[in-house]
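J.: Got a predicted structure here, sequence first:
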Amino acid sequence: MHDFGLPILATLALWWGSTGIIFYLDSLPRKTFPYTMGAATVLVAAALWGLVATSNHQTAGSAYGAFSYGLICWGWQILGFYMGYVTGPQRQPCPPELRGLGRFIEGVRTGLYHELSALIGAVALLALSHNQPNQLGFWTYATLWWMHESAKLNVFFGVPNLGEEMIPDHLRYLATYMSRRPMNMFFPFSVTISTVITVWLAWAATAATTPFEATGYTMLGTLMALAVAEHWFLVAPLNANALWAPMSKRQEEYSGLIEGELIALENFADRDESWTAPLPHICEARHVAQVLELVAAGAFGEVEEVKGALRTRAHWIAFEISGSRARMTPFTPRNPQEPRIVAVGRHLDRDRLMAAIENCAA
């Protein structure tokens, strides 16, 4: 009987730890980025050497090694993207008038160089382990690549939880290519594909005849199970990014920025055409999103700016309207506060707006 507990724990630890390290390094000052990428490049060179060295071995130890090497190679790709070294030719916010295919093409152009780099990396890993019995490093890389691509497509087509608060400042324009919707048509297909692969890998692990196969299939199966969980985190009333909050400085800085903007707007909102009001103690995020879309469309008067903070059953959400765009982002308040909304504009229909907001109570 094979031991499945250790490979599962190792996969969870390596996945959580590597993601947290990337978030931490990416939240440091930009002057540290060249040193970080330099060290990461040395590490990935060592990982490629290790991949070749373990490619003709089929032991439990070589499975752990190959999995780690594939993880390091993918981490290097992600680090290069989020630090802004390998992104794409489009580095500007999405024009508001773009819709459909045009918006999709511009969205692809924001990460085109990264996608090409990821493809080259996959080909390189496959070539290094070609015709060798241990190709776990390549399949680890390929699994992580699928998780990344599927998540990107889902946030483009629209999900409730976009995770904008984890985007670095120099890539903030990426948020304009995301859509906040209760669901999209791609989501059921993507989560079903990941679930089917997870079940098959779990079956393969239980049917394995060697420790290498059992370890490899278990680690890949656990990674795919995490992909399924990540898909559901996109639509569930949970803030999955809280898993890495202790390892990232960005969340604290972002929370402080939101609170400061709210205070500044409240101090400004003493004109006749400005308005501030408390929100229900617990709100339904999707109802608030619908109200914000109506406000942005001018259903309650001419609005120049709206900011606020609300609390759902799962977490706090900051929201804003600037121009014709409405945005909602999970955050963690640094100081105790009450849910509230602040609006600045002309001819505001405050009674109707307040009634719509009160209907958002959970």
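T.: It's in.
J.: where in the stretch 51-200 of the chain is pLDDT low?
T.: 96, 164-165 (pLDDT under 70).
J.: Which parts of it are strands?
T.: Counting by DSSP state E, counting those that start in this stretch, the stretch 51-200 of the chain has no strands to list.
J.: all helices in it, in order from the N-terminus.
T.: Secondary structure of the stretch 51-200 of the chain by DSSP state H, counting those that start in this stretch: the helices cover 60-82, 100-110, 112-128, 136-157, 186-206.
J.: for the longest strand along the chain, which positions count as buried?
T.: For the chain, the strand with the greatest residue count under DSSP state E is strand 302-311. Using 16 or more other C-beta atoms under 10 Å as the test for burial, strand 302-311 gives V303, E305, V306, K307, G308, A309, L310, R311. (Each C-beta comes from the backbone N, C-alpha and C, glycine too.)
J.: which residue is nearest the middle of the chain?
T.: The residue lying closest to the centre of the chain (C-alpha atoms, centre = their mean) is G163, at 4.9 Å.
J.: Distance of that one relative to W16?
T.: The gap separating G163 from W16 is 16 Å, by C-beta to C-beta, to the nearest Å.
J.: and the nearest residue to V191 once chain neighbours are set aside, what helix or strand is that in?
T.: Nearest residue to V191, sequence neighbours excluded (C-beta to C-beta, 6 or more residues apart in numbering): H231, at 4.3 Å. Here H231, judged by DSSP states H and E, is contained in helix 211-233.
J.: which secondary structure elements does that helix contact?
T.: Secondary-structure packing of helix 211-233 (3 or more C-beta pairs under 8 Å, 6 or more residues apart in numbering; DSSP states H and E): helix 5-26, helix 60-82, helix 136-157, helix 186-206.
J.: so how far is that helix off the chain centroid?
T.: On the basis of C-alpha atoms, centre = their mean, to the nearest Å, helix 211-233 sits 19 Å off its chain's mean C-alpha point.
J.: Same check on stretch 169-179?
T.: Its chain's C-alpha centre and that of stretch 169-179 lie 11 Å apart, by C-alpha atoms, centre = their mean.
J.: I'd say the residue nearest to the centre of the chain and V155 touch.
T.: Yes: contact status for G163 versus V155: in contact at 7.4 Å, counting by C-beta atoms under 8 Å.
J.: Output stretch 345-360 as CSV, restricted to C-alpha atoms.
T.: Extracted in CSV, the C-alpha atoms of stretch 345-360 (Å, rounded to 0.1, in the frame of the first residue of the first chain):
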residue,chain,number,x,y,z
GLY,A,345,-22.2,64.7,-8.3
ARG,A,346,-25.1,66.8,-9.5
HIS,A,347,-28.9,66.2,-9.2
LEU,A,348,-28.5,63.1,-7.1
ASP,A,349,-31.7,61.3,-6.5
ARG,A,350,-30.7,60.4,-2.9
ASP,A,351,-34.0,58.8,-1.9
ARG,A,352,-34.0,56.3,-4.8
LEU,A,353,-30.3,55.7,-4.4
MET,A,354,-30.7,55.0,-0.7
ALA,A,355,-33.6,52.7,-1.3
ALA,A,356,-31.6,50.7,-3.9
ILE,A,357,-28.7,50.4,-1.4
GLU,A,358,-31.0,49.2,1.4
ASN,A,359,-32.2,46.5,-0.9
CYS,A,360,-28.7,45.1,-1.1
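J.: tell me the mean pLDDT for that stretch?
T.: For stretch 345-360, the mean per-residue pLDDT is 77.
J.: buried set for that stretch?
T.: G345, L348, L353, M354, A356, I357, C360.
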